[in-house]
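[1] Fold the stuff below for me.
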Amino acid sequence: MPTHHFTPTRYYNTIGSHPPALVVADGDTVITTTIDAFGTDRHGVSVAGRPNPQTGTFYVNGALPGDVLAVDLVRLTPDRPTGFMRDVVAANVVDPAFAPSLPEAQLREWHIDPAAGVARPAEPLLHLPGMALALAPMIGCFGVAPSLGQAISTATSGPHGGNMDYRGFCAGTTAYFPISVEGALFFIGDGHAVQGDGEIVGTGIETSFEVEFTLRVLKGRQINWPRGENDDFIFTAGNARPLDQAVQHATTEMLRWLTGDYGLTVNEASMLLGQCVEYDLGNIYDPAYTMVCRLAKRWLPDAASRA
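    Numbers count the residues shown, from 1 in each chain. Modelled structure (predicted):
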């Protein structure tokens, strides 16, 4: 299948039915770049505004409402030697009585060393002078245009995807999105060199990326919320606030997957999840929180892994 080398000339702070920047066929691969969450490119130049400017729009021929877009994340590579993060946890992740004692957050620069595979604070920390984190590149915000002509801020997320900040969206993972408009209209951006669960400081180590991904259309395979899989797990993402609603969306989508594609009864799926499910916190910072429900593939009945 063809590989397209795409150089973006504009970016979007909403995910919606914007004019296509590139038209591709089902199964094509795209190599392109993303800028960081504040709009800074690989050269350190500000080229777009906040939040989370997206590269796109990618129109996939043959994609129709009711289909599923499979996005194979082939490569996610930080393409500049610097990144940044906020240095204080968000007030909503600590006790209300403790929140007033939090200092004002500042942006801290990090040095990114792909050759060594690590990121280090640009200014060594007083009590953590040797801090060095292994690079674990992931995409914080990506997805497809929502229904009804909506254009949804890249600060948040929903059934279409968006700003989920789940570190499981890394190279080697396939993400699945419900298609609501002709062409799917795919967007991608907000690269993190490293991020912990929950994005509890409001950032990962934000930087620009070179990305490579393949877009595939799964006909007649309607889903309700984003799904994903890697070599070891299948998972579903629920995006909502409060957090229990995000859990409900993710768990319901997993039950749909297990009963629809793997033929389990609701009782069988419930018993399996009741003892084997794992929940990951995608983010607890953005307007909509993200909870991920995942299940190891070793527990699945013999069947091809499908969206």
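[2] could you give me the average pLDDT of the strand or helix carrying Leu73?
    Using DSSP states H and E, Leu73 sits within strand 68-78. The pLDDT scores in strand 68-78 average 98.
[3] and that strand, how far out from the chain's middle?
    Offset of strand 68-78 from its chain centre (C-alpha atoms, centre = their mean, to the nearest Å): 10 Å.
[4] Send over it as PDB, restricted to the C-alpha atoms.
    Extracted in PDB, the C-alpha atoms of strand 68-78 (Å, rounded to 0.1, in the frame of the first residue of the first chain):
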ATOM      1  CA  VAL A  68     -14.800   1.700  12.200                       C
ATOM      2  CA  LEU A  69     -11.500   3.400  11.500                       C
ATOM      3  CA  ALA A  70      -8.500   1.300  12.600                       C
ATOM      4  CA  VAL A  71      -5.300   3.400  13.200                       C
ATOM      5  CA  ASP A  72      -2.200   1.300  13.400                       C
ATOM      6  CA  LEU A  73       0.400   3.400  15.300                       C
ATOM      7  CA  VAL A  74       3.600   2.400  13.600                       C
ATOM      8  CA  ARG A  75       6.100   4.900  14.900                       C
ATOM      9  CA  LEU A  76       6.000   7.900  17.300                       C
ATOM     10  CA  THR A  77       9.300   9.700  17.400                       C
ATOM     11  CA  PRO A  78      10.200  12.900  19.300                       C
END
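[5] Quick check: can you name the pairing partners of that strand and their directions?
    The strands that strand 68-78 pairs with in its sheet are strand 174-178 (antiparallel), strand 209-218 (antiparallel) (by DSSP bridges).
[6] Of all the residues in that strand, which ones are buried?
    Val68, Leu69, Ala70, Val71, Asp72, Leu73, Val74, Leu76, Thr77, Pro78 (16 or more other C-beta atoms under 10 Å). C-beta: built from backbone N, CA, C; applies to glycine.
[7] need those residues in a markdown table with distance to His4, can you?
    Formatted as a markdown table, the buried residues of strand 68-78 follow (distance: C-beta to C-beta, whole Å):
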| residue | distance to His4 |
| --- | --- |
| Val68 | 21 |
| Leu69 | 16 |
| Ala70 | 17 |
| Val71 | 14 |
| Asp72 | 14 |
| Leu73 | 16 |
| Val74 | 13 |
| Leu76 | 17 |
| Thr77 | 17 |
| Pro78 | 21 |
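[8] Show me which of those residues is closest to Val23.
    For the buried residues of strand 68-78, the residue nearest Val23 by C-beta to C-beta is Leu69; the value is 14.3 Å.
[9] bridging residues for that closest one?
    Beta bridges link Leu69 to Phe177, Val217, judged by DSSP bridges.
[10] Against Thr265, how distant is Thr14?
    Distance, Thr14 to Thr265, using C-beta to C-beta, to the nearest Å: 41 Å.
[11] Sketch out the low-pLDDT regions of this structure for me.
    Applying pLDDT under 70 to the chain flags residues 303-307.
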